[in-house]
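In: structure of the sequence below:
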Amino acid sequence: MNITPLVPVSAGAEELQADYQSGWQVGKLHVGQSHLFFREGGEISCVPYSAVRYCYRRIEATPARLCCGAGNLETEYLMLVGAEGQLAKIQVPDGRAGKVLLERLRPLIPHARFCKPEGGPAED
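Out: Numbering: from 1, shown residues only. Okay, here's the model as predicted:
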């Protein structure tokens with residue numbers, strides 16, 4: 001298994017794999033002790049918790065026409081923002097999983113703010 005860090009990490013490949021395998025899984029995310037891992041396009045990427053400055057949920061509404069009328073389909077994302085801007089936008093299975101995920105991440109990333117940053121570096 002090949003793990004690609006999105007920012008430079010000091011951990012070796014064996015250490016990253018051990019952290020990935022021991023992590024808690026929700027959807028395409030694995031919450032390790034020192035890194036957050038996620039599958040995207042057939043490969044596994046990781047973000048070290050030390051690089052995260054902001055962590056929050058984003059809900060995007062997609063207009064949809066259904067057989068019974070029109071409405072919006074909501075897609076939920078976990079947003080990770082670092083000092084240089086957005087690190088990752090990771091789809092979460094549902095709202096309940098997103099809330100549980102944020103609660104699990106709070107003790108692992110005590111230095112991060114769990115809100116959207118002011119001033120727009122998190123906008124895509």
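
In: so, low pLDDT: which residues of the chain?
Out: 120-124 (pLDDT under 70).

In: helices of that one, residue ranges please.
Out: Assigned by DSSP state H, the helices in the chain fall at 13-21, 95-108.

In: export those helices to CSV and tack on mean neighbour count?
Out: Where C-beta positions appear, they are placed from N, C-alpha and C, glycine not excepted. Shown next, in CSV, are the helices of the chain (neighbours: other C-beta atoms under 10 Å):
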stretch, mean neighbour count
helix 13-21, 15
helix 95-108, 14
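
In: tabulate those (JSON lines), appending distance to residue 4.
Out: Converted to JSON lines, the helices of the chain look like this (distance: least, C-beta to C-beta, whole Å):
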{"stretch": "helix 13-21", "distance to residue 4": "10"}
{"stretch": "helix 95-108", "distance to residue 4": "21"}
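
In: how about those helices, which one is nearest residue 81?
Out: Closest to residue 81 of these, according to C-beta to C-beta: helix 95-108, at 13.1 Å.
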